[in-house]
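J.: fold the stuff below for me.
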Amino acid sequence: MDPKVWRVELNDGHFIPVLGFGTYAPYEVPKSKAVEATKLAIDAGFRHIDCAHLYNNEKEVGLAIRSKIEDGTVKREDIFYTSKLWATSLQPQLVRPALERSLKNLQLDYVDLYIIHFPVAVKPGEEHIPQDEKGKVIFDIVDLCATWEAMEKCKDAGLTKSIGVSNFNRRQLEMILNKPGLKHKPVCNQVECHPYLNQSKLLDFCKSKDIVLVAYSALGSQREQWIDQSSPVLLDDPVLCAMAKKYEKTPALIALRYQLQRGVVVLAKSYSEKRIKENMQVFGFQLTSEDMKVLDGLNQNVRYFTLEMRTEASLRQR
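T.: Alright, predicted model coming up:
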């Protein structure tokens, strides 16, 4: 199969592969694993690599990408790399330096997509989640429209090919879209999205504005300590499991295929060689329209990630 078939056009004319490899790992996973897993993903056929400054592993992911370029597996233009602007750098004057720091860590000349990680600013500095003496997060006041103008300048300077957002709701998206003098629309909005949180209204809105929805936590979530342990385990869902049996696929593949058929770009996160290879099988089958409706019916508005949970996860990354 030609990987060029597995991509969609963004509103700025660039193309994004519809299946991406997520590189986030819990703090207890050695950083060296990011090198190994990213190499395995590229060898398996992944061409879209999703990372972020917050993940603390861009040096390792960059090393993996460069090694696969050097050994002739891929060319730089074959790889679609996403990085993210963290909440400490939303002040306009901090945007370009943040991207330049990611590029230095990656040892790459440009990223393919740079997105605002979260629409909430915290106090600038080296601490990912700055806290006061009482342990409360220190927030910052930022005009996101001014942040967006700084993102536009990064695109114009060639440091990133495309720019987008993450975790934005409709109101926040409209604020950017309606900004006077808007030069570049967001090409995407990366949000938590899976059968238990299908984001159908936000998806319809994004489609109407030619913005691609990118799904993270598409397989639910790993049962990390900071995740609500009472939340349902997506991949254990009986409907998903029955459908997996019907198609002779894993529940994970059903969940990924569901997103692709809705027109959603989907991220699959795994550090297991078996599962990395398995996830590439998502292109080998198709769900019926009836089964798509059944999966639509699983929506429960269950959210695995909240700002509080992200804060906890970030504190653990120290």
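
J.: tell me which element Lys207 falls in.
T.: For Lys207, the enclosing helix or strand under DSSP states H and E is helix 200-208.

J.: buried sites along the next helix or strand after that helix?
T.: Under the assignment DSSP H and E, the closest C-terminal helix or strand after helix 200-208 is strand 212-216. Buried residues in strand 212-216, counted by 16 or more other C-beta atoms under 10 Å: 212-216. Backbone N, C-alpha and C define where each C-beta goes, glycine included.

J.: in JSON lines: those, plus pLDDT and distance to Ile79.
T.: Output for these, formatted as JSON lines (pLDDT from 0 to 100; distance: C-beta to C-beta, whole Å):
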{"residue": "Val212", "pLDDT": "98", "distance to Ile79": "18"}
{"residue": "Leu213", "pLDDT": "98", "distance to Ile79": "22"}
{"residue": "Val214", "pLDDT": "98", "distance to Ile79": "16"}
{"residue": "Ala215", "pLDDT": "98", "distance to Ile79": "20"}
{"residue": "Tyr216", "pLDDT": "96", "distance to Ile79": "19"}
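
J.: out of the residues you listed, which comes closest to Gln172?
T.: Closest approach between the buried residues of strand 212-216 and Gln172, by C-beta to C-beta: Leu213, at 14.2 Å.

J.: now the strands: where do they sit in this structure?
T.: 7-9, 15-17, 19-22, 48-50, 80-85, 111-116, 160-166, 188-192, 212-216, 265-269 (DSSP state E).

J.: for Gln131, which of those is the nearest?
T.: It's strand 80-85; of the strands of the chain, that one is closest to Gln131 (C-beta to C-beta) at 20.8 Å.

J.: in its sheet, what does the closest one sit against?
T.: strand 48-50 (parallel), strand 111-116 (parallel) (DSSP bridges).

J.: mean neighbour count, distance to Thr160 and mean pLDDT added to these, as a markdown table?
T.: Formatted as a markdown table, those follow (neighbours: other C-beta atoms under 10 Å; distance: least, C-beta to C-beta, whole Å; pLDDT from 0 to 100):
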| stretch | mean neighbour count | distance to Thr160 | mean pLDDT |
| --- | --- | --- | --- |
| strand 48-50 | 26 | 14 | 98 |
| strand 111-116 | 25 | 4 | 98 |
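
J.: of the ones you listed, which is nearest Val265?
T.: Between Val265 and these, the tightest spacing by C-beta to C-beta is seen for strand 48-50, at 7.8 Å.

J.: now tell me what touches that closest one from outside.
T.: In this structure, residues lying in contact with strand 48-50 by C-beta atoms under 8 Å, 6 or more residues apart in numbering are 16-23, 38, 41-42, 61, 65, 79-82, 190, 214, 216, 265, 267.

J.: check stretch 53-67 too.
T.: 23-25, 31-32, 34-39, 42, 49, 51-52, 79, 81, 83-86, 89, 98, 101-102, 105-108, 117, 128, 314, 317.

J.: from Leu295, how far out is the closest residue to Cys206 other than its chain neighbours?
T.: Distance criterion C-beta to C-beta, 6 or more residues apart in numbering; nearest residue to Cys206, sequence neighbours excluded, is Leu213 at 4.8 Å. Counting by C-beta to C-beta, to the nearest Å, the separation of Leu213 from Leu295 is 16 Å.

J.: identify the residue nearest His117 in space, chain neighbours excluded?
T.: His117 sits nearest to Lys84 (C-beta to C-beta, 6+ apart), 3.9 Å away.

J.: from Gly158, how far off is the one you found?
T.: 19 Å.

J.: ok, the two, which is more surrounded?
T.: Lys84 (27 against 9; other C-beta atoms under 10 Å).

J.: ok, the more buried one touching Ile116?
T.: Yes: Lys84 is within contact range of Ile116, at 7.4 Å (criterion: C-beta atoms under 8 Å).

J.: just checking, Met292 touches Arg257?
T.: No: look at Met292 against Arg257 with C-beta under 8 Å: they stay out of range, at 9.4 Å.

J.: these two: who's more crowded?
T.: Arg257 (24 against 15).

J.: OK, contacts around the more buried one?
T.: 249, 282, 285-287.

J.: could you check how far it is from Phe283?
T.: For Arg257, the distance to Phe283 - C-beta to C-beta - is 9 Å.

J.: pull out the buried positions in stretch 15-28.
T.: In stretch 15-28, counting by 16+ other C-beta under 10 Å, buried: 16-25.

J.: run the chain-centre distance for it.
T.: 6 Å (C-alpha atoms, centre = their mean, to the nearest Å).
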